[in-house]
Structure formats: C-alpha cells, structure tokens
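S.K.: With the sequence up front, the predicted model follows.
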Amino acid sequence: MSSSPSRMPLIDMVKGVACITIVWHHLAFYGPMSDIAQPLAPALMAWLYDYGRMAVQVFLVLGGYLAAASLAPQGVARFDHAGNAVAKRFVRLVVPYAVALLLTVVVAALVRPWMEHSSVPGEPTLAQLLANALLLQDIVDEDALSAGVWYVAIDFQLFALSVLLWAGVRALPGVWAQRHGAVLARVLIVAGVAASLWVFNRMAGLDMWAIYFLGAYGLGMLAYWAVRAASPVGWLSAMVLLGGVALALDFRGRIVVALVTALCLVVALRSERLRAWGGFAPLVRVGQMSYSIFLVHFAVCLLVNAVVSHLWPASPVPNALGMLLAFVLSLAAGRLLYLRVERHVPTWSTALRWQAGLVGTGLLVAVTNNGF
C-alpha cells in the first residue's frame, strides 16, 4: 500500500457519498420543510425517509477497515498501551462532538418558542446533558441532544472493544500465544462478526451496544486484510459466508448494504488504478470533513426549518429550496467545524472544557427558559 488508508481519495469519496445521504435522510425525516415539500417529489422523499439511514452501514464498514489499518495491520496490536489508545480516540471524537451539541442546544432554545414540531429537542436536563457529554445517552435511557449522535457513541464502543481484544491477545502468556497471536485475534474477530450478524443484530433491544453493530464493523476489518493479502479468496469467502448465513437467517437490508460495501472495498482497493485515482475533488473534500458535517448538520437544518416553515408555512417550492439551502449551509458549517476544531490535535483539557461548556450552556438555557 502506497499511502495511509485514511488518506485514500477513494475512501474519502465513499465517506462523502454516505455523509450526503445521511444529511438528506435527516432533511426528509425531520420536518416541517420536508412535510410541506413532499408533494413535489413524493417517491424521493419516501426513499430518503425509509432507506437513507442505511448509509450508516457504510460508515460502520469503513470504521472497521480504518481501525484494522491503524490498530493491527498485521493482525497483532501495533499500539503501545490500550488505555492511551482508547483515551486518544475518546478525545478526538468528543471535542468536535461537544462543540456541535453546544450549538444544537443554543439553536433549539432559539427556535423552540416559535416552532412547535416533534423534531425540536426539549429543554435539556442535567442528567441528559451529562449522559450526552459522556456518550452514554442511549445506555442510560436519556434523549439525544441531536440527530444521529448515537453513532458517535457506537463508534467509540467498537473502537474500544477492538483495542481491548487485541491488547488481551497480546497479553496472553506462553510461546504459542505469542507466536500465533495474529491468527488468534483474527479468529476471535471472525467469531465476533458471526455472533453479531447471526444473533445479536437480530435483537433490537441491543442497539445501544457495540455487539449489535460489530458485524458491519468486523466486515470492514476483514475487507482490510483481504486487500493486504497475497490472495483475497479466503477473506472474501469468509465475508460472503458470514453475510450469506446472516441474510438466510433473517434478511436485513442494512446487512446487504454492509456486505456489498465491504466486498466492493476489497475489489476497488486491490486495483492499483483505483488506489492511485485522485477521485472527484468535491466529494473527496466532503469525505474528509464528513464527521464535522455529520455532527453539525442537525443544528443547521433545525434553524433553516424554523425560518423557512415560518415564512412559507404552506408553499412547497420555497420549502424545497429551503431544504437545499440547509444542505449547502450544513456543508459550510461542517467545513468551519473541521478547520477550526476537528483537524487540530485535541487534549484532555480541551475535551473537558468543551464538555463543561456543553453542560453549562444547557443548564443556562433551562434556567433562563424557566425563569421566563
């Protein structure tokens, strides 16, 4: 491989397409603009509403691919200390996340008095703010402060689980364990993927835990090793078997998307021409900023929804144009968050400062509203 997987334009393009799909899914899902504009393109709105969310599976597969590339490219742990690796990931995720949630809390407070709609978050409570700041909202049954933030918590869980697995294999005593650590770790990952796809992903009550999503994430890991292997046949066969059995047991569209994404990654990234391709520049840039766009777009869409639906409460065309405006502004806001926050190396003090800012702002909003 000539370059870091996280810097491959093809991967960034895939991220870009998935990110755009998620933003439009939320624009269709969270009205009222989409409700008013729906007669203009009912089939498109229905598709975005029902199926746009499946783009999350693409991010899960890519997350597993990049985790394998950074943590264990040869199948054995490349990091020094598990705690440091997990802490570093938490900080990198949480700093832009807290900034975006703070913005969402403020925007929700601004629009709440004059936009009555189910998409507007309610006044935050202390427990809700703390749970969201610590990525625990679904586990402790608190409402999310923004759309899609469950994914950030799941991404962190999956990364931490991967780190602990590789660290545990490395810590096993004995010459055999040391000599065959890579094989053992990969066997455990394949077993985890099977358990997730065949059992846990069929249990909706587990969707706040990593094990529910490990199937798609693990397929991404297998895809990475298939790309690096002298022959990908064994890995591809394992992926098809795992996914095929899962679909035979319980056909799920999301698993189809994850499996197809993983298989296409292998085919594309084993091609020298595609690996060297510079990609379509605008999509590459969106992919590079996809996390920031994903985090901040709900606040932007909420604000535009409030303004446009208030000015044109029954006009489909202005509301359709408002959806387009919200999309463009989401890209712009995501770019700003990426340049000012995400791409800088964060520290624990930065993370704690923004988490405290989120909690403090949320409490101030609640106290101010109750005061009036």
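M.R.: Done, it's in. All values derive from a computational prediction rather than experimental measurement.
S.K.: Any idea how many residues pack against Arg270?
M.R.: Look at Arg270: counted by other C-beta atoms under 10 Å, it has 14 neighbours. C-betas here are computed from N, CA, C, even on glycine.
S.K.: what does Val304 give?
M.R.: The number of residues packed near Val304 is 23, by other C-beta under 10 Å.
S.K.: For the nearest residue to it once chain neighbours are set aside, grab the count of nearby residues.
M.R.: Closest residue in space to Val304, ignoring its immediate chain neighbours: Ala326 at 3.9 Å, by C-beta to C-beta, 6 or more residues apart in numbering. The number of residues packed near Ala326 is 24, by other C-beta under 10 Å.
S.K.: Secondary structure element holding Ala326?
M.R.: According to DSSP states H and E, Ala326 maps onto helix 316-337.
S.K.: what packs against that helix?
M.R.: With contacts taken as 3 or more C-beta pairs under 8 Å, 6 or more residues apart in numbering; DSSP states H and E, helix 316-337 sits against helix 9-29, helix 33-37, helix 82-111, helix 290-311.
S.K.: Show me what counts as buried in the third one.
M.R.: To tie it back to what came earlier, the one meant is helix 82-111. For helix 82-111, the buried set under the neighbour-count rule, 16 or more other C-beta atoms under 10 Å, comprises 82, 85-86, 88-109, 111.
S.K.: gap between it and the chain center?
M.R.: 13 Å (C-alpha atoms, centre = their mean, to the nearest Å).
S.K.: Next, the buried residues of stretch 138-146.
M.R.: With burial defined by 16+ other C-beta under 10 Å, the residues of stretch 138-146 counted as buried are Asp138, Glu142, Ala144, Leu145, Ser146.
S.K.: With stretch 54-73 instead?
M.R.: Within stretch 54-73, the residues scored as buried using 16+ other C-beta under 10 Å are 54-72.
S.K.: How about stretch 28-45?
M.R.: Ala28, Phe29, Tyr30, Gly31, Pro32, Met33, Ser34, Asp35, Ile36, Ala37, Gln38, Met45.
S.K.: what distance separates that stretch from the centre of its chain?
M.R.: Remark: stretch 28-45 is offset 24 Å from the chain centroid, using C-alpha atoms, centre = their mean.
S.K.: now stretch 168-175
M.R.: Taking C-alpha atoms, centre = their mean, the mean C-alpha location of stretch 168-175 is offset from the chain mean by 32 Å.
S.K.: what do you get for stretch 211-218?
M.R.: Mean C-alpha position of stretch 211-218 versus that of the full chain (C-alpha atoms, centre = their mean) differs by 13 Å.
S.K.: now do stretch 286-303
M.R.: Averaged C-alpha coordinates place stretch 286-303 at 11 Å from its chain's average position (C-alpha atoms, centre = their mean).
S.K.: tally of neighbours for Leu10?
M.R.: Using other C-beta under 10 Å, Leu10 has 20 other residues around it.
S.K.: One more: Val163?
M.R.: Per other C-beta under 10 Å, the neighbour tally for Val163 reads 22.
S.K.: That one against Phe79, yeah?
M.R.: Yes - the pair Val163 and Phe79 qualifies as a contact (C-beta atoms under 8 Å) at a distance of 7.0 Å.
S.K.: shared neighbours of the two, anything?
M.R.: Contact criterion C-beta atoms under 8 Å, 6 or more residues apart in numbering; residues shared by Val163 and Phe79: Leu71, Ala85.
S.K.: Show me the shaky parts of this structure.
M.R.: 1-6, 370-372 (pLDDT under 70).
S.K.: Just give me the residue right at the centre of it.
M.R.: By C-alpha atoms, centre = their mean, the chain has its centre lying nearest to Tyr151, at 4.6 Å.
S.K.: ok, that residue - contacts?
M.R.: When contacts are counted by C-beta under 8 Å, 6+ apart, Tyr151 touches Val56, Phe59, Phe294.
S.K.: export these to a markdown table and tack on distance to Asp50?
M.R.: Shown next, in a markdown table, are these (distance: C-beta to C-beta, whole Å):
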| residue | distance to Asp50 |
| --- | --- |
| Val56 | 14 |
| Phe59 | 18 |
| Phe294 | 20 |
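S.K.: which one of those residues sits closest to Leu274?
M.R.: If you rank these by distance to Leu274 using C-beta to C-beta, Phe59 comes first, at 20.1 Å.
S.K.: Could you verify my assumption that the closest one touches Lys15?
M.R.: Yes - if you go by C-beta under 8 Å, Phe59 and Lys15 touch, sitting 7.3 Å apart.
S.K.: Now the common contact residues for the two.
M.R.: Counting by C-beta under 8 Å, 6+ apart, Phe59 and Lys15 have no contacts in common.
S.K.: ok so, going back, doesn't Met33 make contact with the residue nearest to Val304?
M.R.: Yes - taking contacts as C-beta under 8 Å, Ala326 lies within contact range of Met33: 7.4 Å.
S.K.: shared neighbours of those two, anything?
M.R.: The contact sets of Ala326 and Met33 overlap at Leu27, Val304, Asn305 (C-beta under 8 Å, 6+ apart).
S.K.: Look up the closest residue to the last one, ignoring the ones flanking it.
M.R.: Setting aside the residues directly before and after it, Asn305 is nearest to Met33 in space (C-beta to C-beta, 6+ apart), at 5.1 Å.
S.K.: which residues touch that neighbour?
M.R.: The contact partners of Met33, by C-beta under 8 Å, 6+ apart, come to Leu27, Val304, Asn305, Val308, Ser309, Asn319, Ala320, Gly322, Met323, Ala326.
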